[in-house]
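1. Here's a sequence, model it:
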Amino acid sequence: MSVEKIIKAKENIIIGEKEVLKALKLRQIKEVFVAQNCPDGKLSELNRVAKMAGATVSKIEIAADELAAQIKKPFNVTIVGIKEKL
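-> I've put the predicted structure just below:
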């Protein structure tokens with residue numbers, strides 16, 4: 001379900017840890033999806049910042065390389081954020 005949500009929102013996604021954290025701090029993201037093989041250190045920081053921003057974090061049951069293939073990126077994608085619609 002969540003992979004379809006990411007694909008559907010392809011114009012409104014932010015990819016990567018640094019970019020997603022930055023957007024969360026600016027409260028531009030409503031939902032974050034994390035690949036199953038995301039390191040725990042990244043996940044705990046992401047959860048902390050998302051909680052402060054009022055965003056939800058969901059772990060999806062696919063690996064980073066498969067997520068990248070689904071959104072047609074040539075690199076592994078571990079963290080994806082969906083922007084708030086203005």
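
2. so where do the helices sit in the chain?
-> 2-8, 17-25, 40-53, 64-70 (DSSP state H).

3. Could you tell me the least trusted of those?
-> Lowest mean pLDDT within the helices of the chain: helix 2-8, at a mean of 81.

4. for the helices of the chain, which one sits closest to residue 84?
-> Nearest to residue 84 among these is helix 17-25; the distance by C-beta to C-beta comes to 9.2 Å. C-beta coordinates here come from the backbone N, C-alpha and C atoms, glycine included.

5. Go through that closest one and flag the buried ones.
-> 17, 20, 21, 23, 24 (16 or more other C-beta atoms under 10 Å).

6. report the angle between the axes of that helix and helix 40-53?
-> Going by axes from the mean of the first three to the mean of the last three C-alpha atoms, to 10 degrees, helix 17-25 is angled at 20 degrees with respect to helix 40-53.

7. what comes into contact with helix 17-25?
-> Residues outside helix 17-25 that contact it (C-beta atoms under 8 Å, 6 or more residues apart in numbering): 14, 29, 32, 42, 45-46, 49-50, 52-53, 55, 78-81, 83.

8. Buried among those residues? Make that a PyMOL selection.
-> In PyMOL, this line selects whichever of the contacts of helix 17-25 come out buried by 16+ other C-beta under 10 Å:
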select buried, resi 14+29+32+46+49+50+53+55+78+79+80+81
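
9. Of the contacts of helix 17-25, just say which sits nearest to residue 4.
-> When the contacts of helix 17-25 are compared against residue 4 (criterion: C-beta to C-beta), the nearest one is residue 80, at 12.6 Å.

10. Verify the contact between the closest one and residue 29 for me.
-> No - Residue 80 is beyond contact range of residue 29, at 9.7 Å (criterion: C-beta atoms under 8 Å).

11. Show me the common contact partners of the two, please.
-> What both residue 80 and residue 29 touch, as defined by C-beta under 8 Å, 6+ apart, is the set 14, 20.
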